Each structure stands twice: as C-alpha cells, then as structure tokens.
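Novice: take this sequence and fold it.
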Amino acid sequence: MKVLAVCGFGVGSSMILKMSLDKAFKKLNQNVEVENTDITAARGERCDAIFTSEELYQELKDSASAPVYTVKKYMDLEEVEEAAKLFLKEKDSQS
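Specialist: Predicted coordinates:
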C-alpha cells in the first residue's frame with residue numbers, strides 16, 4: 001500500500017506527518033509506503049490514501065483519486081494512529 005502525507009509545498013509539515021504515519025503503521029504492523037508531497041502533485045499521484053490538514057482537505061477531496069483523511073496535530077501519534085486505523089478499516093470494508 002502507498003499513502004501520501006500532503007502539505008502546501010511538500011517539504012515542511014508533510015515530512016512531520018510522514019514520520020508520524022510511518023510510526024503509526026509500524027505500530028499497527030502494516031507494511032505501508034508513506035511519501036510526503038505537495039498538494040499539486042498529490043492530485044495526480046496514484047496511491048491508496050491521502051493524509052493532510054483540514055485546510056487542504058477541501059481542495060483535495062474532490063480532485064484526488066484516493067480517499068482523503070485529515071489530521072489536526074501531525075505530531076500527536078494517537079491522532080495519527082486513529083486516522084490510520086480509519087483508513088485501514090475503510091479499505092478492509094471495500095475488499
């Protein structure tokens with residue numbers, strides 16, 4: 001599986017979110033490739049899910065090909081893990 005951590009420019013906050021997602025998926029024993037990127041690239045990238053801020057959610061939800069999940073505090077591992085669990089639950093229910 002591949003997921004994206006997205007911010008406006010793809011270098012600052014998305015890197016923090018990527019590191020938190022890596023930790024969350026590892027804790028959940030999931031082999032997930034996490035990449036950080038900017039909002040423009042995310043629209044055309046093939047992936048299983050996108051994780052981003054509430055502010056960027058509105059811009060991505062209608063233009064991205066993958067489901068979009070929001071995270072308020074990128075360094076809050078519990079919140080990031082809950083978003084990861086929601087993604088995994090929804091992915092399993094589609095299978």
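Novice: mind listing the helices for this protein?
Specialist: Using DSSP state H, the helices of the chain run over residues 13-27, 39-44, 54-61, 77-94.
Novice: mean pLDDT, distance to M1 and mean neighbour count for those helices - can I get that in a markdown table?
Specialist: To be clear about C-beta, it is placed using only N, CA and C from the backbone, and glycine gets the same treatment. Below are those laid out as a markdown table (pLDDT from 0 to 100; distance: least, C-beta to C-beta, whole Å; neighbours: other C-beta atoms under 10 Å):
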| stretch | mean pLDDT | distance to M1 | mean neighbour count |
| --- | --- | --- | --- |
| helix 13-27 | 97 | 9 | 19 |
| helix 39-44 | 92 | 16 | 16 |
| helix 54-61 | 92 | 18 | 14 |
| helix 77-94 | 95 | 8 | 15 |
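Novice: of all those helices, which lies closest to C7?
Specialist: Each of these has some distance to C7 by C-beta to C-beta; the shortest is helix 13-27, at 3.8 Å.
Novice: next, the angle from the closest one to helix 54-61.
Specialist: With axes from the mean of the first three to the mean of the last three C-alpha atoms, to 10 degrees defining the directions, helix 13-27 sits at 80 degrees from helix 54-61.
Novice: just the angle between helix 13-27 and helix 77-94, please?
Specialist: Helix 13-27 and helix 77-94 are oriented at 70 degrees to each other (the same axes, to 10 degrees).
Novice: tell me which residues are up against stretch 7-23.
Specialist: Residues outside stretch 7-23 that contact it (C-beta atoms under 8 Å, 6 or more residues apart in numbering): 3, 5-6, 32, 34-39, 41, 51-53, 56, 71, 74-77, 80, 84.
Novice: make that stretch 63-83, sorry
Specialist: Residues contacting stretch 63-83 (C-beta under 8 Å, 6+ apart): 4, 13, 16-17, 20-21, 23-24, 27-28, 42-43, 46-54, 57, 60-61, 86-87, 90.
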